[in-house]
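> next come a sequence and a model predicted from it.
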Amino acid sequence: MDKEFGIEIELDKVYKLVAMSGRKKNYVGILQNGELDIKGLVGKKRNTPPDFAKEAFNEVISLLSDIQGLEDVGKVVEEVRDKVRDYYRKLQRKEIPLNKLAIRTALTKSLESYTKNTPQHVKAALQLKSLGYNVRPGDIIIYVKTTGKDGVKPIQLARIDEIDPPNKYIEYLRTSLEQVLDAFGIEFESIMGSSIIDNYS
């Protein structure tokens, strides 16, 4: 390249396999040493709540690191399907503990300052305040999404049977995994559909 075009090119990384998600700058690359190079995938971002979704993402990525070549892709894809299906079933059966469903958001100003709209973490903070908790700016409000009137509850007050996974937490699972699943030709809806059949068979 240097001799033909006068351009100096330096080799940065060598991959055994690269799976493209079909979205700009989103891919999973498996390096020669087996390490994963993840670019632009939602599940890797720090602000992805809650913990169960990040754990699901990391477990799926770990499975992908087992791929040695194209001959392994089919087997690993099935393992990934099974892993995602397992998380989906656990959500439906309310088997994931509250602490892994919790969302953490900092209270940036006093509760009295929220006059135009009331974000979800503020609704949870107001519930705490009504019970005598001292809630101040800078506090981290830990809450879960529920089926109740406010749609949320602080984790201190919530019960696992109040969690509303079909409408809320499954979307977190989808958001965390959809791009990496897309890279391997796996549709999230197809996993959910088979899980629903399994749950009622």
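Ah, there it is.
> please enumerate the helices of this structure.
Counting by DSSP state H, the segments of the chain that form helices are 2-5, 51-64, 70-92, 98-101, 120-130, 170-183, 188-199.
> now those as CSV including distance to S113?
In short, each C-beta sits where N, CA and C put it, glycine included. Putting the helices of the chain into CSV (distance: least, C-beta to C-beta, whole Å) gives the following:
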stretch, distance to S113
helix 2-5, 59
helix 51-64, 29
helix 70-92, 34
helix 98-101, 28
helix 120-130, 9
helix 170-183, 28
helix 188-199, 38
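> wait, which of the ones you listed is closest to T108?
With C-beta to C-beta, the closest approach to T108 among those belongs to helix 120-130: 9.7 Å.
> about what we covered before: the helices of the chain: lowest mean pLDDT?
Averaged per stretch, pLDDT over the helices of the chain is lowest on helix 2-5, reaching a mean of 59.
> contact partners for P154?
Listed by C-beta atoms under 8 Å, 6 or more residues apart in numbering, the contact partners of P154 are A124, A125, Q127, L128, I141, I142, Y143.
> could you give the bridge partners of I140?
Each beta-bridge partner of I140 is listed here, defined by DSSP bridges: A106.
> show the contacting residues for it.
For I140, the contacting residues are R104, T105, A106, L107, taking C-beta under 8 Å, 6+ apart as the criterion.
> let's see that with 10 Å instead.
When contacts are counted by C-beta atoms under 10 Å, 6 or more residues apart in numbering, I140 touches R104, T105, A106, L107, H121.
> nearest residue to the fourth one other than its sequence neighbours?
In space, L107 comes closest to D139 once its chain neighbours are excluded; the distance is 4.9 Å by C-beta to C-beta, 6 or more residues apart in numbering.
> the one you found and Y133, how far apart?
9 Å (C-beta to C-beta, to the nearest Å).
> between these two, what contacts are shared?
Common neighbours of D139 and Y133, using C-beta under 10 Å, 6+ apart, are A125.
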